[in-house]
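Undergrad: need a 3D model of the sequence below.
(chains A and B)
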Amino acid sequence: MENKGLGEFEELVLLAVCIIGRDAYGITVKKEVEKHTGRTILLGAVHITLYRLQDKGFLRSEMGGSTEKRGDRRKRLFKITAAGMKQLRVSQDVRQKMWKLIPQLN
Amino acid sequence: MKAKKRKTPVLADWLASTFIEEALQEEFFGDLSETYEDRVLTKGKSYAKFMYWVDVLHLLMGFSSFKRFKSGNNTIVMHKHYVITSMRNLARSKFYSLISILSLAVGMGICLTLSQYIYSEFSYDKFHNNFQNVYRIVIDEINPDGKRYPYPYETGYAVGAAAKEQIPGIKQFVRLHKYSGGAVIANSEQGKIFTEEALNMFFVDKTFLEVFNFPLRVGKMEVAFDDKFSIVITEDAARKYFDTEDAMGKVLTVSGGISPGNYTVTGILENLPMNTHLQFDFLLSVENYMELGWGGAAVKNDDGWSSPDFATYLVLDEAADLNTVREKLNLLIVTNTKQKNAYKNISVRSELQPIKDIHLKSDSEVDQGLVRNSGNLLNVKFYSIIAFFILAVAWINYINLSTARSMHRAKEVGVRKSLGAFKSQLIGQFMTESFIINLMAGILAIGLAIIILPIFGDILDVKLDFDLLEIPTFWLCFFVMIGFGSLLSGLFPAFILSSFKPISMLKGYMAVRPGNFDLRKALITFQFALSLFLMAGTYLVYKQIMFMKNQNMGMEVEKILVLKGPEVNLERSKLESNLQSFIEKIGTHHSIASVSASSSVPGKGYNTGIPIRKLGAPESADKFGRVIFAGFDLPVTYNLEFIAGKTPTKQMLDGKQVVVVINEEAVRAFDLGSPENALHEKLFYKDDTFKIVGVVKNFHWHSLNNTQTPYLFEFYNDCRSYISFRLNLSSIQESLSAIESTYNSFFPGNAFDYFFLKDEFNQQYKSDVQFGNLFFAFTILAIFIASIGLFALVSYSATLKVKEIGIRKIMGATVRDLMMLLSREYLILLLLAYALTIPAILYWGRSWLDNYAFRTDMGFELFVIPVILLVVISFLIVSCQTYNSARANPVESLRMD
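TA: You can find the predicted model right below:
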């Protein structure tokens, strides 16, 4: 299947997962993205994106620890896959390349 | 230590659990709880709850396109499937779907429009606070001759106060008196001067604005009537007299009528809503009338019970028992009027009329009085019935169409059944389809109603807004209507089709067809019958109106121009002579055949009603006579036909004895023998004797709704309310300008206010004309809807019979033969419908005509024209389609197997 690339929000979420590392789940990803972009993100958007990325194969997940705060419900923890990492790098390269080609900046 | 568990919004949780995939629920709910806790701590509980809802809803909406959506659950998938299939089906048979939706929408739309109208007719005067406890006093007085009292809504001035004092349970009273004679009102500073009619100005008690909810835009109600010369006006009046200036505190000069003078504006009311029986522009203080009216003479000689002058409204306590109060009031009134009524043998009974009933249930024939915009309960009832019928017709159409088309779908149903569909699922599918169509039609109907409503309002001369939309009950009814419609039409195909055996359907056998056919036939017959009935009705209404308009009025109407007499700047002493000079002078103009003055003109009612008898007869012979005060030439101007005597000369009006001219009916009623004999008789009333100088043939001073009553013209030289001109119509413009200039030279400063009698007269028929127009509109609609239905049905059965037609053609049938064959069954239905309608037309036609004292006959053409019309229309429709099928190439039709 042709790779259509990552949407802006998808990219942010992937990066956030990478940054957070071990404890990446709905709430932490949401907070991370909010921290760096300064926008308010809705929880649902994050969840949907996480699932979509998982379907595309860029993330994998497993059920993790529970705390009392969540009413004894477990979290779904996400980790980036090799494919995901590769996708991130490719995106980054493309941006850099195009950025360098802008006349005014050179 | 366990942290205290906080409750997250339960409804939101339930929603989320229903629609989100099981597997994902745990982490989602977990995340939600966590955020909830955080938010409660940082920003408080309400914020947390609100954001919880936001998150849930957002997720639900976001998920709908996402395949993770709970697709495992059957119900939702199935409903979705139904909807998709229904939409596909609709798109496939675009033509029929369109027709169905359209005719349903039109039917529902009309129904909605009518409902709005009916609703607003019933909403009159319900916006007053405490309206349930406000009543108007009605006096029912039966004269010995059986005639009822002409002013049932008017009482003496003392009634209100006495009732409040003496009867427990009465909290407040309000009196209202119209400014008889009308007035000319002027804003002298700006030179704005207009004539206002009597019913536009009311003397009221201070309590008026408390009891009736007419809010003041400027001014305070507590003090607005403190001064006897204060006047409260509406916004419209303020704009009319003061343009853009602020009217508060300014002076309006009132001339003529009961209490002329300079009045200061002490309040400006917001414009009156349409749905109240009280329509006015000016309010004056009743104290003014009591002390200064008619120069102080208004109430001086009256004990407050004998002269009925006021409309009195009573506010009852919540807890008061209506019957007790009524009985006590009756006793009060009877006791106080016993004197006056005893010798006249009149029986009195008082009633309390709730104000919400005034608009529709007042007896406007008897009452000359205060209500200008009375409604007609009978008409409203008619409209409701019609509305329902139109809806019924639209539904019938839809049922016909869908049952017809459902045969078409037999194959599809067969396939579904063999694949294992449950009967309930099939039913569900048909119902969904039906529901969608009804829903779309419903939405379209609302749009249609919004467009039609103003037009409808114009026809009926009322202002109609779509208030209904704001009422929750309306929406309830609306959805019930849609639901009911879906049920009606969905049930039949759903149940019948789903019970067939799959094999027979797949093969195309339609074993039960005859049954369906009968139902459809019955429905079409009903539609035909309804259309015929409406057509006949419309024709009858128009016939009656034409009859009334063309009726010989017994006097000249066409050529009469009426001018409102002078009111201001009058030198009393010279008034009579000025008037005579004016009349003489203008009478010489070549385009004017005759001029005379009077206190009333045809269509404006009579001046007074009195009990009179022949001189010498006993009191019991008193009969009610309508009196018109007239200048000596009035009968000539109106071309009344004299059968004895003639109009009096000016000399006869020397004041020594009153002379009268009476009509034929009076001769009969007062037992005067023959008309010639009457010339030798005199009439007696109170202390006066009248000498009869002439007898005229009966005429119609009022609209033809009224039966013949005795009329008397009493002649005086100083009548000046109206001046009537009989023109010879050679040049109306010339007449007008001549009259105007002469009038202005004799009576400067007076408004030149004129009208043509025939226009005014026709106004009386306004409500009948409106009724006729509406009936006509409904007829067109019914025919339209029935035609659509017929057309679709014929098209459909033509497609069914394709093979049969093909074979017949091969056997040698001509196009004409085939057309006759196909249309024959519909013609038979039409004739059957016709037979059924005849008794209905006879019955309803007769009872409607009974409303009119003078009526046209029903006529033979009433039964012929509608049916011929309908036959022609149906034939056209049927032949369009049958022609197409008859022309089809038999090879083509037989090949498809």
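
Undergrad: now do the helix-or-strand element of chain A with minimal mean pLDDT: distance to the chain's middle.
TA: In chain A, no helix or strand scores lower on mean pLDDT, DSSP states H and E than strand A:59-66, which sits at a mean of 80. Here the centre of strand A:59-66 is set off from its chain's centre by 15 Å, with Cα atoms, centre = their mean, to the nearest Å.

Undergrad: after that strand, which helix or strand is next? Please name it.
TA: As assigned by DSSP states H and E, the chain's next helix or strand after strand A:59-66 is strand A:74-80.

Undergrad: any stretches of chain A with poor pLDDT?
TA: Across chain A, residues meeting the criterion (pLDDT under 70) sit at A:1-4, A:65-72, A:106.

Undergrad: picking up where we left off before, what lines up beside the least confident helix or strand of chain A in the sheet?
TA: strand A:74-80 (antiparallel) (DSSP bridges).

Undergrad: can I get the partner strand in PDB? Just the C-alpha atoms.
TA: The C-alpha atoms that make up strand A:74-80 are tabulated as PDB, following Å, rounded to 0.1, in the frame of the first residue of the first chain:
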ATOM      1  CA  ARG A  74      -5.900  -0.600  33.300                       C
ATOM      2  CA  LYS A  75      -4.200   1.600  30.900                       C
ATOM      3  CA  ARG A  76      -3.300   0.800  27.300                       C
ATOM      4  CA  LEU A  77       0.400   1.500  26.900                       C
ATOM      5  CA  PHE A  78       1.800   2.400  23.400                       C
ATOM      6  CA  LYS A  79       5.200   1.900  22.000                       C
ATOM      7  CA  ILE A  80       6.600   2.900  18.700                       C
END
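
Undergrad: so how far is it from its chain's centroid?
TA: Distance of strand A:74-80 from the chain centroid (Cα atoms, centre = their mean) equals 12 Å.

Undergrad: pull out the buried positions in that strand.
TA: For strand A:74-80, burial by neighbour count (16 or more other Cβ atoms under 10 Å in any protein chain shown) applies to A:74, A:75, A:76, A:77, A:78, A:80. C-beta coordinates here come from the backbone N, C-alpha and C atoms, glycine included.

Undergrad: which single one of those is nearest to chain B?
TA: Distance ranking of the buried residues of strand A:74-80 against chain B, using Cβ to the nearest Cβ, places residue A:76 first at 3.9 Å.

Undergrad: surely the closest one is in contact with residue A:28?
TA: No - the criterion here is Cβ atoms under 8 Å, and residue A:76 misses it with residue A:28 at 11.5 Å.

Undergrad: ok, what's across the strand from residue B:658?
TA: Taking DSSP bridges as the rule, residue B:658 bridges to residue B:690.

Undergrad: and the pLDDT for it?
TA: As predicted, residue B:658 sits at a pLDDT of 82.

Undergrad: can you list contacts of stretch B:24-32?
TA: Here stretch B:24-32 makes contact (Cβ atoms under 8 Å, 6 or more residues apart in numbering or on different chains) with A:25-27, A:43, A:47, A:51, A:63, A:66, A:70-71, A:73-76, B:8, B:13, B:16-17, B:20, B:52, B:55-56, B:59, B:68.

Undergrad: ok now stretch B:829-843, how far from the chain's centre?
TA: Relative to its chain's centre, stretch B:829-843 lies at 29 Å (Cα atoms, centre = their mean).

Undergrad: over to stretch B:379-391?
TA: Relative to its chain's centre, stretch B:379-391 lies at 12 Å (Cα atoms, centre = their mean).

Undergrad: give me the buried positions along that stretch.
TA: Buried residues in stretch B:379-391 (16+ other Cβ under 10 Å): B:379, B:380, B:382, B:383, B:384, B:386, B:387, B:389, B:390, B:391.
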